[in-house]
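Asker: Quick one, fold the following:
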Amino acid sequence: MTSGRMRRRLSDFWDSDDAGVAGRTIRALLAPAELPFRVAVAARNARYDRSPPAPAPLPVVSIGNLTVGGTGKTPVVRWLGEWFREAGVRVAVVVRGYGADEVSLYRRWFGEGAVFVGRDRVALVAAARARGHRLALLDDGFQHRRLHRDLDILLVAAEDPWPVRMLPRGRYREPLASAGRATHVLVTRRTAPRERVKAWRERLAHAAPGVPGQVAELSMGGWRDLQGAPAEAPSGDVLAVCSIARPRAFVAGLEALLPGVRADLAAFADHHVYTARDVAALLRQRGGRPLVCTAKDAVKLAAFPELRPHCLVVGFRVAGDPEEPLRSALAQVGGCASR
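Answerer: Next up is the predicted model:
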């Protein structure tokens with residue numbers, strides 16, 4: 001089995017509410033490995049709680065999560081960045097750069113000079129200030145506690161598994177109690193039932209009392225081709241191509257967006273770098289159907305001209321505007337009027 005297929009199966013295992021006898025057995029076997037991870041995370045957090053970092057040279061708004069991927073972080077960074085930009089605030093995006101797809105999208109949305117990529121995010125914020133930026137959006141920053149942040153926005157997906165199981169037994173990097181150090185929580189929702197949203201809001205109210213929250217609806221829509229030109233939505237069945245943390249949520253979203261359409265799945269590991277061999281396999285697999293991919297995948301698949309006549313890109317955005325009290329907090333840290 002390839003490493004990519006193993007990572008996809010691990011992701012499915014993490015997200016399963018009922019993994020059956022085999023899944024329960026694997027979870028039991030992984031339980032001893034979860035304990036030292038929990039201890040290490042608790043020790044690290046205790047150290048930063050005792051000695052918090054000094055203020056950064058720019059106001060910093062962190063966007064992060066408790067889990068390994070799948071909460072809608074990239075569209076939320078875009079949503080907040082565009083909100084600040086419309087308010088006249090010159091924003092920098094500071095990103096570790098693990099996924100080249102995310103970096104490419106941020107550069108497309110905010111401009112080459114507004115995206116700062118590297119491991120030392122403290123130094124990147126200083127570089128952003130030197131170039132005249134007024135505020136830094138810290139991508140995937142909840143665990144990056146070396147850098148002071150003025151707002152710490154935690155994303156929890158309605159699709160996140162319950163109960164909390166930490167790595168390697170589950171998807172979580174921190175326990176739910178860590179939500180208490182956030183300044184705001186966004187429960188993101190794709191296609192999950194409203195009951196899951198309600199359940200998560202109740203859990204968070206118990207785990208982090210006093211931390212204000214909002215539901216952020218992540219909606220699909222807006223079709224383009226691989227070269228970025230507007231396109232029509234497909235009228236028949238499709239092959240959904242993605243290399244994201246939750247591929248089955250992508251399929252569910254497509255089928256909700258296109259009633260009556262069947263979307264078969266061609267899933268790759270998160271942040272997969274496509275090869276010519278992958279593309280040849282996709283062209284064979286499509287069977288005359290159009291391919292549909294995410295914007296993250298499009299920045300990589302566009303390098304293959306043979307895909308251009310057959311591939312469509314579906315947009316993915318946060319609906320609406322920040323609500324109170326988040327809206328006022330954003331305006332205060334950005335030094336702008338609340339819109």
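Asker: Just after the helix-or-strand element of the chain with minimal mean pLDDT, pick out the following helix or strand.
Answerer: Ranked by mean pLDDT, DSSP states H and E, the weakest helix or strand in the chain is helix 3-15, scoring a mean of 62. Next helix or strand after helix 3-15 toward the C-terminus (DSSP states H and E): helix 20-50.
Asker: Relative to the whole chain's centre, how far out is whichever helix or strand comes after that following helix?
Answerer: Where DSSP H and E defines the elements, the next helix or strand beyond helix 20-50 is strand 60-65. Offset of strand 60-65 from its chain centre (Cα atoms, centre = their mean, to the nearest Å): 11 Å.
Asker: Strand 60-65: partners in the sheet, and parallel or antiparallel?
Answerer: Partner strands and pairing direction for strand 60-65 (DSSP bridges) are strand 135-139 (parallel), strand 151-157 (parallel).
Asker: Deepest in the core, which of those strands is it.
Answerer: Across the strands paired with strand 60-65, averaging neighbours per residue (mean count of other Cβ atoms under 10 Å) puts strand 135-139 on top, at a mean of 27. For glycine as for every other residue, the C-beta is placed from the backbone atoms N, C-alpha and C.
Asker: Convert that strand to PDB, retaining C-alpha atoms only.
Answerer: Provided in PDB are the C-alpha atoms of strand 135-139 (Å, rounded to 0.1, in the frame of the first residue of the first chain):
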ATOM      1  CA  LEU A 135      -1.800  43.600  10.400                       C
ATOM      2  CA  ALA A 136      -0.700  40.000  10.000                       C
ATOM      3  CA  LEU A 137      -3.000  37.000   9.600                       C
ATOM      4  CA  LEU A 138      -1.300  34.000  11.000                       C
ATOM      5  CA  ASP A 139      -2.300  30.800   9.100                       C
END
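Asker: Would you pull up how far it lies from the middle of the chain?
Answerer: On Cα atoms, centre = their mean, the centre of strand 135-139 falls 15 Å from that of its chain.
Asker: What of stretch 324-339?
Answerer: Per Cα atoms, centre = their mean, the centroid offset for stretch 324-339 relative to its chain is 23 Å.
Asker: what does it contact?
Answerer: 59, 61, 80, 83-84, 86-89, 134-135, 150-151, 153, 183-184, 186, 212, 214, 321-322 (Cβ atoms under 8 Å, 6 or more residues apart in numbering).
Asker: Now with 6 Å, please.
Answerer: The contact list for stretch 324-339 (Cβ atoms under 6 Å, 6 or more residues apart in numbering) reads 59, 84, 87, 89, 135, 150-151, 184, 212, 214, 322.
Asker: buried residues in it?
Answerer: For stretch 324-339, burial by neighbour count (16 or more other Cβ atoms under 10 Å) applies to 326, 329-331, 333-334, 336.
Asker: same question for it, mean pLDDT?
Answerer: Averaging pLDDT along stretch 324-339 yields 91.
Asker: now do stretch 301-319
Answerer: Average pLDDT, stretch 301-319: 96.
Asker: list the contacts for V156?
Answerer: Taking Cβ under 6 Å, 6+ apart, one finds 187, 200 in contact with V156.
Asker: The chain - how does it break down into domains?
Answerer: 60-218+319-334, 220-317 (automatic domain parsing).
Asker: Pull up the distance across the shortest one, start to finish.
Answerer: Using Cα to Cα, to the nearest Å, one end of domain 220-317 lies 7 Å from the other.
Asker: Tell me where the stretch 201-339 of the chain has helices.
Answerer: Along the stretch 201-339 of the chain, counting by DSSP state H, counting those that start in this stretch, helices occupy 247-257, 276-285, 295-301, 326-334.
Asker: among those helices, which is nearest F142?
Answerer: helix 326-334 (15.9 Å; Cβ to Cβ).
Asker: hmm, back to that, which among the contacts of stretch 324-339 count as buried?
Answerer: Applying 16+ other Cβ under 10 Å to these flags 59, 84, 87, 89, 135, 150-151, 184, 214, 322 as buried.
Asker: Please convert the strands paired with strand 60-65 to a markdown table, extending it with distance to E306 and mean pLDDT.
Answerer: Putting these into a markdown table (distance: least, Cβ to Cβ, whole Å; pLDDT from 0 to 100) gives the following:
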| stretch | distance to E306 | mean pLDDT |
| --- | --- | --- |
| strand 135-139 | 32 | 98 |
| strand 151-157 | 35 | 98 |
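Asker: Need the ones you listed in CSV (columns: distance to L226).
Answerer: Output for those, formatted as CSV (distance: least, Cβ to Cβ, whole Å):
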stretch, distance to L226
strand 135-139, 25
strand 151-157, 28
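Asker: out of these, which comes closest to R38?
Answerer: R38 lies closest to strand 151-157 among the strands paired with strand 60-65, at 18.6 Å (Cβ to Cβ).
Asker: could I have that closest one exported to PDB, CA atoms only?
Answerer: Taking C-alpha atoms only, strand 151-157 is exported to PDB below (Å, rounded to 0.1, in the frame of the first residue of the first chain):
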ATOM      1  CA  LEU A 151      -6.900  37.700  18.400                       C
ATOM      2  CA  ASP A 152      -6.800  33.900  18.600                       C
ATOM      3  CA  ILE A 153      -9.600  32.500  16.400                       C
ATOM      4  CA  LEU A 154     -10.200  28.800  16.800                       C
ATOM      5  CA  LEU A 155     -12.000  26.800  14.100                       C
ATOM      6  CA  VAL A 156     -14.000  23.700  15.000                       C
ATOM      7  CA  ALA A 157     -15.700  21.900  12.100                       C
END
